[in-house]
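> test case, fold it:
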Amino acid sequence: MKKALLPIVLIAAGAAHADYKVDMKSIDAKGVGKSIGTITVSAAPGGGVTLKPALKGLPAGERGFHVHQNADCGVKEKDGKPSAGEAAGPHWDPDKTGKHKGPKGGGHKGDLPALEVASDGSATKAVTAPNVKLADLAGKSLMIHSGSDTYMEPPPNGGGAERIACGVIK
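You can find the predicted model right below:
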């Protein structure tokens with residue numbers, strides 16, 4: 001009696017990475033506070049990543065939104081004073097461009113499209129970052145700033161101003 005041969009299925013290395021669900025927390029000069037919701041990060045169909053916020057308790061308007069270098073939302077000293085979220089380090093800039101040019105501009109890869117916050121303090125509108133790969137985000141942080149972002153220097157970091165919310169990408 002002959003044995004039937006079963007097909008062998010090979011799974012390619014580097015298969016699709018699972019989405020990240022990032023717990024975002026309020027931050028201030030005293031430290032990391034309570035959760036304000038989550039941001040789900042997934043691979044975008046045309047390349048890059050899509051960031052889908054489900055947030056509450058933010059100031060209304062357009063907010064600066066970035067990937068920062070370190071997976072740490074803690075306080076660190078800046079200009080001799082405790083500063084919210086400074087442990088996250090600078091905007092993620094793996095190519096060492098030193099330029100702040102926006103999500104499509106060829107500068108920091110950490111420059112994300114602005115986060116839109118509704119009048120009730122909620123943010124639910126997804127944004128797409130075309131130059132970011134999902135696999136590159138582990139060990140970084142997502143940061144929301146109190147101001148909007150011009151993606152130009154000066155002011156420093158495009159005028160995003162203080163860091164008000166942060167989440168570690170695990």
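
> kindly export stretch 92-112 (C-alpha atoms) in CSV.
Extracted in CSV, the C-alpha atoms of stretch 92-112 (Å, rounded to 0.1, in the frame of the first residue of the first chain):
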residue,chain,number,x,y,z
TRP,A,92,13.0,59.1,15.0
ASP,A,93,15.6,59.9,12.3
PRO,A,94,17.2,56.6,11.2
ASP,A,95,18.8,58.1,8.1
LYS,A,96,20.3,61.0,10.2
THR,A,97,18.9,63.7,8.0
GLY,A,98,18.6,66.2,10.8
LYS,A,99,15.7,67.7,8.8
HIS,A,100,12.1,68.2,9.8
LYS,A,101,10.2,68.1,6.5
GLY,A,102,6.9,66.3,7.2
PRO,A,103,5.6,62.8,6.5
LYS,A,104,6.4,63.0,2.7
GLY,A,105,9.4,65.4,2.8
GLY,A,106,12.4,63.1,3.1
GLY,A,107,13.4,64.3,6.6
HIS,A,108,12.8,62.5,9.9
LYS,A,109,10.9,59.3,9.4
GLY,A,110,9.2,60.2,12.7
ASP,A,111,7.3,63.1,11.1
LEU,A,112,3.7,61.9,11.0
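
> and the gap between the spatially most central residue of the chain and residue 37?
The C-alpha lying nearest the average C-alpha coordinate of the chain belongs to residue 142 (CA atoms, centre = their mean; 3.1 Å). Taking CB to CB, to the nearest Å as the measure, residue 142 falls 12 Å from residue 37. Heads up, the C-betas are built off the backbone N, CA and C, glycines and all.

> what do those two both touch?
residue 24 (CB atoms under 8 Å, 6 or more residues apart in numbering).

> all helices of the protein, in order?
In the chain, no helices are defined using DSSP state H.

> what does stretch 72-79 rub up against?
With CB under 8 Å, 6+ apart as the criterion, stretch 72-79 contacts 25, 27, 29-32, 82-89, 141, 166-168.

> the longest strand along the chain pairs with which strands?
Using DSSP state E to define each element, the chain has its longest strand at strand 31-43. Its sheet considered, strand 31-43 pairs with strand 20-28 (antiparallel), strand 49-55 (antiparallel) by DSSP bridges.

> now those in TSV, with mean neighbour count and distance to residue 106?
Listed next are these as TSV, based on neighbours: other CB atoms under 10 Å; distance: least, CB to CB, whole Å:
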stretch	mean neighbour count	distance to residue 106
strand 20-28	20	24
strand 49-55	20	17
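
> many thanks, we can stop here.
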